[in-house]
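Participant: return atomic coordinates for the entry below.
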Amino acid sequence: MKGLLLIPTLCFIALIANSQTSPEVLSTPPMGWISWNLFEGNINEKLVKEIADALVSTGMKEAGYEYLILDDLWHGGRDENGNVYPDREKFPSGMKALADYVHSKGLKFGIYTDIAEYTCAGMPGSFGYEEQDARTYAEWGVDYIKCDYCHAPQDLWTAIDRYTKFIKAIREVKPDMVFAICEWGQRAPWLWGKEVGGNLWRTTWDMRDTWEHHKYDSGHNGIMEGLDRQVGLERFAGPGHWNDPDMLVIGLHGKGKSASNDGAAGCTVTEYEAQMGLWCLLAAPLLVTCDIRNMDEDTKRILTNTELLQVNQDKLGKQAGRIWKEGVSEIWAKELSDGSFAVGFLNRDDEKSREISLDIKMLGFEKPVLARNLWKHKDLGVFSGTIKLEVASHECKVLRISEDDN
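Facilitator: Just a heads-up that it's a prediction; the model follows:
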């Protein structure tokens, strides 16, 4: 796919001239819950209401998780007029009533479709019904659309054309509806997603519930494989347009059917912490996939770490870049709106702890700095020159570093 990076400049100018992006939509990365990894098609009205209730009762909504998104297999079919409708056994009250319930909890409602005739699971897609589906979703009260690319032609220009048409239809009926492009990063959507009106775009294949697969394809994408594919993409992210390295697997513990492909049997607490820290640094969408109705304490602690969430939701909208790498040791840094930096110290060694050192000049600091550990919620003190940390195997320590005013 390297050739896709060489899209002609004149074509880009044409795309930019027709940009449909609204700066008011998704000024910070979306946070919420999505059904696929754990439940797949085992979704219904009762479950959705219970998840909505749990988002409130667990404090997730207060922490910022506001989207409740139904993934594939909610569909019933199309009626004689071509209108899409939900599975009537799973959703007897209909989607508008369900969206109304979600909204009554102060949350936002999302739904899934595909830009081809069929979704990945063989349900009705939106190709050929773009205007009709846009009206239907708006009437239901949908706030967020995840649009997949299964069964669609593989070339770049078809993807651009199809997403452009559908997003245009959406913007005409509900300009503030979030549109998530999900073509798995195969056609470099970071180069054109913003210009066609997308608010976020997948940069990877589906995330699996494992630290590292040691290979990368449609069935193999662990936390580390996903991370590696974000290197260099930071310049394409910002308010209203986000790179999406896919869902959070935190708290699944190997129980998600879709997320447990080919040996993806779950992660340790340290590894789940690392995904959370890294995804917050990356200004990534934070879409939870575990059963939040019965989270264990570690899962809740990880997902509701307010200091990390502030990094993810920082209004400057910068995505972290990898500023240093030596073997299995890495440093990732994200500039924040107050002039400080959030910095991740990552040890990818499978067995040993490692000392990782940061020269504060790499962040542009000439004077001493204050450092705070965002996992421990603890100030570490004032540092001059270098910050050295002992980082455990598969750990990502996240510090907030700011200039010392004293």
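Participant: buried sites along the one helix or strand residue 166 maps to?
Facilitator: In this structure, residue 166 is located in helix 156-173 according to DSSP states H and E. For helix 156-173, burial by neighbour count (16 or more other C-beta atoms under 10 Å) applies to 156, 159-160, 162-171. (C-beta placed from N, C-alpha, C; glycine too.)
Participant: how big is the angle separating the helix or strand just after it from helix 156-173?
Facilitator: Of the helices and strands lying after helix 156-173 in sequence (DSSP H and E), the nearest is strand 178-182. For strand 178-182 against helix 156-173, the angle by axes from the mean of the first three to the mean of the last three C-alpha atoms, to 10 degrees is 170 degrees.
Participant: next one: residue 314 from residue 47, what distance?
Facilitator: Distance, residue 314 to residue 47, using C-beta to C-beta, to the nearest Å: 33 Å.
Participant: please identify which of the two sits among more neighbours.
Facilitator: residue 314 (20 against 16; other C-beta atoms under 10 Å).
Participant: got phi/psi on the more buried one?
Facilitator: Main-chain dihedrals, residue 314, degrees, to the nearest 10: phi -60, psi 130.
Participant: how near is the residue nearest to it when sequence neighbours are not counted to residue 313?
Facilitator: Leaving out its chain neighbours, the residue that sits closest to residue 314 by C-beta to C-beta, 6 or more residues apart in numbering is residue 336, at 4.9 Å. Residue 336 is 11 Å from residue 313, where distance means C-beta to C-beta.
Participant: repeat that for residue 351.
Facilitator: Applying C-beta to C-beta to residue 351 and residue 313 gives a distance of 35 Å.
Participant: and the two? which has more neighbours close in?
Facilitator: Per other C-beta under 10 Å, whichever of residue 351 and residue 313 has more neighbours is residue 313, with 17 against 6.
Participant: nearest spatial neighbour of that one, skipping sequence neighbours?
Facilitator: Using C-beta to C-beta, 6+ apart, the closest residue to residue 313 is residue 28 (4.5 Å).
Participant: who touches the nearest residue to residue 131 once chain neighbours are set aside in this structure?
Facilitator: Excluding its sequence neighbours, the residue lying closest to residue 131 (C-beta to C-beta, 6+ apart) is residue 169, at 4.6 Å. Residue 169 makes contacts with 130, 131, 133, 134, as judged by C-beta atoms under 8 Å, 6 or more residues apart in numbering.
Participant: and residue 309, that's in a helix?
Facilitator: Yes. Judged by DSSP: H, G, I helix; E, B strand; the rest coil, residue 309 forms part of a helix.
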